[in-house]
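Trainee: after the sequence you'll find the predicted model.
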Amino acid sequence: MKRHTIARCIAFLGAMALLPALPLAASVRLPAASPDLWPEKTSFSFQPSASAWLPALPDAELSSSAESADSPAAESSDAEISAVESAPAEAPETEPSGLPQSDAALTLPSAYQVLDAASGTVMALSPFDYICGVTAAEIPITFHPEAIKAQAVAAHSYALRQMGLQLQNPDPDLKGAYLSTDPAHFQAYLSREERQTLWGGQFEQNESVLEAAVSEVLGCILVSGEEPVAAAFHAISSGRTESAADVWGRELPYLVAVDSPEDAENPQMYSEVTVSAADAAAILTGCAGGVSLPENPAEWIAVTSRTESGTVRTAKVGGTEVSGDTLRAAFGLASANFTVSCDGETLTFAVKGRGHGVGMSQYGADAMAQAGSSWREILARYYPGAEIAEVAS
């Protein structure tokens with residue numbers, strides 16, 4: 001692949017944010033009405049002289065946390081995470097081919113400036129240390145190594161997209177950093193010390209798996225049009241992922257709905273939330289602006305439109321239209337793909353999937369890997385149209 005000589009920096013012009021501050025579950029944080037996430041015109045370019053892109057920082061202690069799309073780790077207890085494994089799936093008759101190779105070549109800076117949201121300190125983390133911390137926080141280490149590699153590539157692509165936004169429109173709250181450990185806006189992150197606490201006696205074994213996976217793919221990111229892609233991901237889909245156009249109102253060629261049949265075979269896809277009629281009435285009155293509800297609780301929520309993959313777009317609450325995301329947030333549902341039943345005393349939400357459903361399904365990725373797919377094949381399924389670009393440190 002043709003490589004360009006670049007002076008230890010990348011300049012992102014017109015780059016865009018992947019996700020805003022999202023209140024969707026512990027790890028998928030999209031508001032009911034999201035802002036324009038992707039400007040009409042974006043560009044990702046390299047400048048041979050941009051020494052101010054990443055000024056030198058004094059050595060700083062590594063720290064934790066940041067944001068991404070949906071993470072099983074953020075939605076389950078630690079005990080549940082270590083016990084959750086996707087059931088191995090039968091190998092599909094036709095495996096997807098790997099992603100094509102891009103002619104884009106990037107040179108990464110030696111350190112990423114990351115704001116520790118807890119202390120307010122700006123840290124200088126090597127790309128390897130940062131992606132190890134993000135990957136450990138965003139996907140269970142018990143998943144197949146190929147799924148962990150796919151997660152690392154998606155997370156790195158997401159981070160570079162976020163850094164591009166900060167280069168174009170710096171956020172003064174970041175104090176000069178380009179990333180943050182605040183999971184409401186950036187990707188989750190676990191320092192080595194936090195991983196040691198989390199994994200206990202399994203630390204050495206898990207750390208070895210993590211570092212081997214990240215080392216193999218640190219030099220690769222997903223690009224489209226020579227820009228790092230908005231590599232959204234979520235815990236598990238309903239059997240078919242969602243498109244960015246349906247969920248966020250902006251079409252992207254690599255964030256389209258794709259089949260993820262392994263998810264439908266996984267019990268982790270299903271969840272239920274039961275609410276008393278009295279509590280449901282209070283919640284619905286609040287989220288629908290004080291609307292008057294019919295006497296019969298079975299008539300309180302009427303779904304009026306869904307995406308092709310099943311997520312509720314809109315519903316009527318006592319005659320007032322609300323979004324599926326509004327109801328998801330109000331009732332603490334794992335996703336906005338739900339049906340509602342009523343027995344007179346309670347309302348029960350039967351939910352499919354966990355997260356916004358856009359991009360890579362982490363449980364789907366694990367099932368694909370268990371069936372023999374490589375990280376490249378996993379990414380090819382969930383980000384069709386994207387390419388792999390090699391990066392150098």
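Mentor: Sure, I can see it. Quick caveat: nothing in here was measured; it's all calculated off a predicted structure.

Trainee: now the helices: where do they sit in the stretch 201-350 of the chain?
Mentor: 203-217, 244-248, 261-264, 277-287, 324-331 (DSSP state H, counting those that start in this stretch).

Trainee: mind checking which of these is nearest residue 382?
Mentor: With Cβ to Cβ as the measure, helix 261-264 is the member of those nearest residue 382 (11.4 Å). The C-beta positions use only the backbone N, C-alpha and C, and glycine is treated the same way.

Trainee: circling back to that earlier point, could I get the helices of the stretch 201-350 of the chain as TSV with distance to residue 345, mean neighbour count and mean pLDDT?
Mentor: Shown next, in TSV, are the helices of the stretch 201-350 of the chain (distance: least, Cβ to Cβ, whole Å; neighbours: other Cβ atoms under 10 Å; pLDDT from 0 to 100):
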stretch	distance to residue 345	mean neighbour count	mean pLDDT
helix 203-217	46	17	98
helix 244-248	33	21	95
helix 261-264	31	21	96
helix 277-287	6	16	94
helix 324-331	16	22	96
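
Trainee: which stretches of the stretch 101-250 of the chain have low pLDDT?
Mentor: Where the stretch 101-250 of the chain drops to pLDDT under 70, the residues are 101-106.

Trainee: now the helices of the stretch 201-350 of the chain as TSV including distance to residue 233?
Mentor: Compiled in TSV, the helices of the stretch 201-350 of the chain are given as follows (distance: least, Cβ to Cβ, whole Å):
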stretch	distance to residue 233
helix 203-217	15
helix 244-248	12
helix 261-264	13
helix 277-287	27
helix 324-331	18
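
Trainee: which one of these lies closest to residue 182?
Mentor: Of these, nearest to residue 182 by Cβ to Cβ is helix 324-331, at 19.0 Å.

Trainee: distance check, residue 175 against residue 287.
Mentor: 36 Å (Cβ to Cβ, to the nearest Å).

Trainee: so residue 380: helix, strand or coil?
Mentor: Residue 380 falls in the helix class when you classify it by DSSP: H, G, I helix; E, B strand; the rest coil.

Trainee: count of neighbours near it?
Mentor: The local packing of residue 380 (other Cβ atoms under 10 Å) involves 22 other residues.

Trainee: from what I see, it and residue 98 are in contact.
Mentor: Yes: using Cβ atoms under 8 Å, residue 380 makes contact with residue 98 at a distance of 5.6 Å.

Trainee: what's the single longest helix in this structure?
Mentor: helix 145-168 (DSSP state H).

Trainee: counting by contacts, list what that one packs against.
Mentor: helix 127-138, strand 179-180, helix 203-217, strand 220-224, strand 227-228, strand 360-361, helix 362-370, helix 375-382 (3 or more Cβ pairs under 8 Å, 6 or more residues apart in numbering; DSSP states H and E).

Trainee: could you identify which of those is most buried?
Mentor: strand 360-361 (a mean of 32; mean count of other Cβ atoms under 10 Å).

Trainee: give the rounded mean pLDDT of that strand.
Mentor: Here strand 360-361 scores 98 as its mean pLDDT.

Trainee: which strands or helices does that strand pack on?
Mentor: Going by 3+ Cβ pairs under 8 Å, 6+ apart, strand 360-361 lies up against helix 145-168, strand 233-234, helix 375-382.

Trainee: make TSV from these and add distance to residue 128 to it.
Mentor: Shown next, in TSV, are those (distance: least, Cβ to Cβ, whole Å):
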stretch	distance to residue 128
helix 145-168	10
strand 233-234	20
helix 375-382	17
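
Trainee: and the ones you listed, which is most packed in?
Mentor: Greatest burial across the helices and strands packed on strand 360-361, using mean count of other Cβ under 10 Å, falls to strand 233-234, with a mean of 30.

Trainee: how about the helices of the stretch 201-350 of the chain, which one is nearest residue 168?
Mentor: Across the helices of the stretch 201-350 of the chain, closest to residue 168 is helix 244-248 (Cβ to Cβ), at 19.4 Å.

Trainee: gap between that closest one and the chain center?
Mentor: 14 Å (Cα atoms, centre = their mean, to the nearest Å).

Trainee: helices or strands up against it?
Mentor: By 3+ Cβ pairs under 8 Å, 6+ apart, helix 244-248 packs against no helix or strand.
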